[in-house]
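J.: Please work out how this folds:
(chains A and B)
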Amino acid sequence: MKPASTEKQQTAVAPIMTVAQKNTIEKKITVALVGNPNTGKSTLFNALTGLNQRIGNYSGVTVELKKGKFEYQKQTFDIIDLPGTYSVAARSPDEMIATNLLLGQIEDLPAPDLIISLVDASNLQRHLYLTTQLFDLGKPILLVLNMMDVAKSRGVKIDLSQLQKTLQLPCLAIQAHKQIGLEDLKKSIWQLSERLDKIELPPRIPFPAVFESVIEQIKPIFPEIKSDFLIRRLVIDVRGPLEKKYCSDEDLPRLELLNNSRTELAKQGLAVPDMEARERYRWLRQATSHFVKKEEAVSGSWLDRIDRILTHRLYGTFIFFLMMFCIFQTIFVGASPLMDGIDYLREWVGSTVESNIQIGPLRSLIVDGIIKGVGAVLVFLPQILLLFGFIAILEDCGYMARAAFLMDRLMAWCGLNGKSFIPLLSSIACAVPGIMATRVIENRRDRLATILVAPLMSCSARLPLYILLIALFLQKPWWLPGLMLFMMYLIGFISAPIMAWLFKGTILRGPRPTFIMEMPSFKVPSYKTVLFRMWEAGIAFVYRAGIIICAAMVLVWASLYFPNHDSENHSYDKQISTIQEEIDQLRHSIENLDSYSEAKEEAPLNNSDRENLEKKLEEEIQRMNLLYGQWRRQSYLGQLGRGLEPIFTPLGWDWKVGVAVLASFTAREVVVGTLGMIYNQGEVDPKEVLHLKNAADSPLGIAIQSQWQTNPDPANKIERSVSPILRALSLMIFFALCCQCTSTLAVIKRETQSWFWPLFTLVYMTLLAYVSAFAVFQLGSLFL
Amino acid sequence: MISLDQAKPGMRLKVIQFPIGSEVSRRLMEFGLFEGDFLRILSVAPMGDPIELEFDSNRISLRKSEVKGILVDIVHE
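T.: Below you'll find the model as predicted:
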């Protein structure tokens, strides 16, 4: 046996200890949880470890490995949840990870002392296939049968003691979903851990003698492979990762020898790789007849009939779209009061801080940087939690595979598969939960391609700008606004698949994974699993992505806040707050006047007084908006925008639009607010734009319209006057395609565990947006 | 004898032969489907692809392009 739990002591200076010593000192037992997908592995893992788990990062490990802990009889057990797999036969390096882990070849992860092989009792023979592969590892195995209730309902009877005798390994039955048998399981694990060295190892499934002699021939050719298990896999897994690793290009003679042995096997009717499955199933079919008794299958159960409808090409598709509509409608409707609540809370906290801290950079940092940043993170939570709740329900009840089945053909066109559909569809609401939803895609390249194109789907944060600009410049004829809005969404629907197809053909090129998807049987989803998935997604977002989002918010805040002095060295925020006080006072006086006349129940006599006050109020508001505008213009970001004007000019923008676009980097909807400030209209709430009957009549709308149409900026270097329609179109196209969203980038960083992919996304999308806006503006200029 | 991708929903089939070196065939064998075993086509997705099949207690969906070449006999009941 390999030494257990050596990860902490194994430093250069650590004294050499025997295995026995270590076990008495640390007494940590590592258990690996292995099983097929849809076996209830995650449910069992969660039930054993509770919230006491984390996702580990290990060098060279690209798939998520979850590690958890539980205690029994004062003994701590580390459990590692391996990715679900049907076979240890590896086709790619990703699929080697399970094997490497089981053999203790991953840095910082000790070799497991005990393997739990979790199998579905209702389909025992197939699940035991993987178990028999594990026999070859020569490690203690505990066989755990899940879903005994399902087996019983299908007329499958399993004789546990016969099973134990035939396979020669300890086994027990549980129902992970109903938390039945968990204590027994813990006890069994503990009992086994107490006598690890004395456990009888299950004997390997006998393979024909010819195969064994081939293995003996191969062994001396690969002296560096010490493990018997790996030698066998090397021979069986044709063109697998082991072959690539040990028979590199300079090693052609060895590959030839290996292939010669395989030919020899084929001549004997034992062609690898098929021979493994044939031999194992030959043995299994014989063995299972000893302990599995199947009564006449109860055919045509009502679940089967429902399944036929759900996967029907017409009814199934209709139900799927209806279901998607209901889910997204619920997310929209259900999340918005929560999001409003978070916004309200943020404003309340902000104003509380404002009234308690003196005006200055600190106050602004806290209110406009940090509180807004935290608010910007939290505001995503309702959508993420709701979406993940739905996804967990769909997955746990078994519908997700049906949805992927229905949508596969559509996605196959761009090189993806059906599992990419829901993540992309969710991105219409917001790319952040959409990108997190790509976790359902097992294939790494497919998942990456989906992540990279998800931000192209038109999210709801782009809507305020679309609505504002369409209302301003594309209002007539009557059918144009609707058509334009539809077009903006269409850009996403068209560009995302095209880009996915491009990525799959270039940077994400690789052998096309075989599409083989199990359709798990339907079951009632467990609320624990659903709540757990929601909790997990929420934590992952707030902790890992939230920090980056907050940091970016503070950065953009600083570049818009500083320098905070006009030419006479007066700070802007102090001036604005003085004006604000005057405004408040004026408003107060007007109110007083109104209530006075109301109380007297007579027409206001002092009408001219009121008019004077109102006029003054308007002047003050204008003065404040002017100051806001001036402040933004001379801020660092404003200076940058003016400096970058030559870059914006070919798109038909002036520096004002450029600054608004730059400032919206933290969140897309900010663009409307910044436009408002730069056009001296004060801070405009993007939500207000959505609720206006006609955005063109809003003060910002009028300002933009007049500025773009009649009053080109004196500093504007564009010679001829720019058509406002073209400018609006170019800005809209840019916004549809660019990645002006820190949260999206932060989530990509979190989900890919790398800075490369968010940077790549930013660069490719910005380029795509720039080129498209450029083309639209330049081509348009030829005609308009 | 037909190729599996030509099978229609509801058909009961018997596997005659797997093409050599096919990855899908290997996967199907890992699920326990061999020559001489029976399977049934349960449904076909919209736009005609993929197909869902059933054997033993397994329900699996596959793309037609990938099951081309798996030869099956139609079993009349």
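J.: what's near enough to touch the residue nearest the centre of chain A?
T.: The residue lying closest to the centre of chain A (Cα atoms, centre = their mean) is A:Met436, at 1.4 Å. Contacts for A:Met436 were tallied using Cβ atoms under 8 Å, 6 or more residues apart in numbering or on different chains; they are A:Ile384, A:Phe388, A:Ala537, A:Ala540, A:Phe541, A:Val747, A:Glu751. Placement of C-beta: from N, CA and C, glycine included.
J.: Would you mind checking which of those is nearest to A:Ala773?
T.: Distance to A:Ala773, by Cβ to Cβ, is smallest for A:Val747 among those, at 25.1 Å.
J.: Looks like the closest one contacts A:Val432 (just checking).
T.: Yes. If you go by Cβ atoms under 8 Å, A:Val747 and A:Val432 touch, sitting 5.0 Å apart.
J.: what is in contact with these two at once?
T.: Common neighbours of A:Val747 and A:Val432 (Cβ under 8 Å, 6+ apart) are A:Phe541, A:Ala545.
J.: which sections of chain B are below the confidence cut-off?
T.: The model of chain B has pLDDT under 70 over residues B:77.
J.: Return the residues of chain B in contact with chain A.
T.: B:18, B:20, B:23-32, B:34, B:42-50, B:52, B:56-63, B:66 (Cβ under 8 Å from any Cβ of the partner chain).
J.: What about the residues you listed, which are in helices?
T.: Taking DSSP state H, the ones among the residues of chain B next to chain A that sit in helices are B:Glu23, B:Val24, B:Ser25, B:Arg26, B:Arg27, B:Leu28, B:Met29, B:Glu30, B:Glu66.
J.: ok, so of those residues, who is nearest chain A?
T.: For those, the minimum distance to chain A (Cβ to the nearest Cβ) is 3.7 Å, reached by B:Met29.
J.: Now that closest one: closest residue in space, sequence neighbours ignored.
T.: With Cβ to Cβ, 6 or more residues apart in numbering or on different chains as the criterion, B:Met29 has its nearest non-adjacent residue at 3.7 Å, and that residue is A:Ala277.
J.: what about the residue in the stretch 601-750 of chain A that chain B sits nearest to, which SS state?
T.: Residue of the stretch 601-750 of chain A nearest chain B, by Cβ to the nearest Cβ: A:Ala736 (27.8 Å). Three-state assignment for A:Ala736 (DSSP: H, G, I helix; E, B strand; the rest coil): helix.
J.: I'd assumed A:Gly492 was in contact with it.
T.: Yes. Counting by Cβ under 8 Å, A:Gly492 is a contact partner of A:Ala736 at 6.5 Å.
J.: Need the residues touching each of those two.
T.: In contact with both A:Ala736 and A:Gly492: A:Ser458, using Cβ under 8 Å, 6+ apart.
J.: Measure how far the helix or strand where A:Leu675 lies is from the centre of its chain, please.
T.: Following DSSP states H and E, one finds A:Leu675 within helix A:670-678. The chain centroid and the centroid of helix A:670-678 are separated by 30 Å, computed with Cα atoms, centre = their mean, to the nearest Å.
J.: Output that helix as CSV, nothing but the C-alphas.
T.: C-alpha atoms of helix A:670-678 as CSV (Å, rounded to 0.1, in the frame of the first residue of the first chain):
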residue,chain,number,x,y,z
VAL,A,670,-24.1,52.7,-16.5
VAL,A,671,-23.7,54.1,-20.0
VAL,A,672,-27.1,55.8,-19.8
GLY,A,673,-26.2,57.4,-16.4
THR,A,674,-22.8,58.6,-17.7
LEU,A,675,-24.3,60.0,-20.9
GLY,A,676,-26.7,61.9,-18.6
MET,A,677,-23.9,63.5,-16.6
ILE,A,678,-21.8,64.3,-19.6
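J.: mean confidence score for the helix ranked longest in chain A?
T.: Longest helix of chain A, by residue count under DSSP H: helix A:315-356. The average pLDDT within helix A:315-356 is 85.
J.: and the stretch 1-150 of chain A, which residues reach chain B?
T.: Checking the stretch 1-150 of chain A against chain B by Cβ under 8 Å from any Cβ, the hits are A:Tyr86, A:Ser87, A:Ala89, A:Arg91, A:Ser122, A:Asn123, A:Gln125, A:Arg126, A:Tyr129.
J.: can we see that at 7 Å?
T.: A:Tyr86, A:Ser87, A:Ser122, A:Asn123, A:Gln125, A:Arg126, A:Tyr129 (Cβ under 7 Å from any Cβ of the partner chain).
J.: List the residues that contact the third one.
T.: For A:Ser122, the contacting residues are A:Met147, A:Val150, A:Ala151, A:Arg154, A:Val156, B:Ser57, by Cβ atoms under 7 Å, 6 or more residues apart in numbering or on different chains.
J.: Thanks a lot, catch you later.
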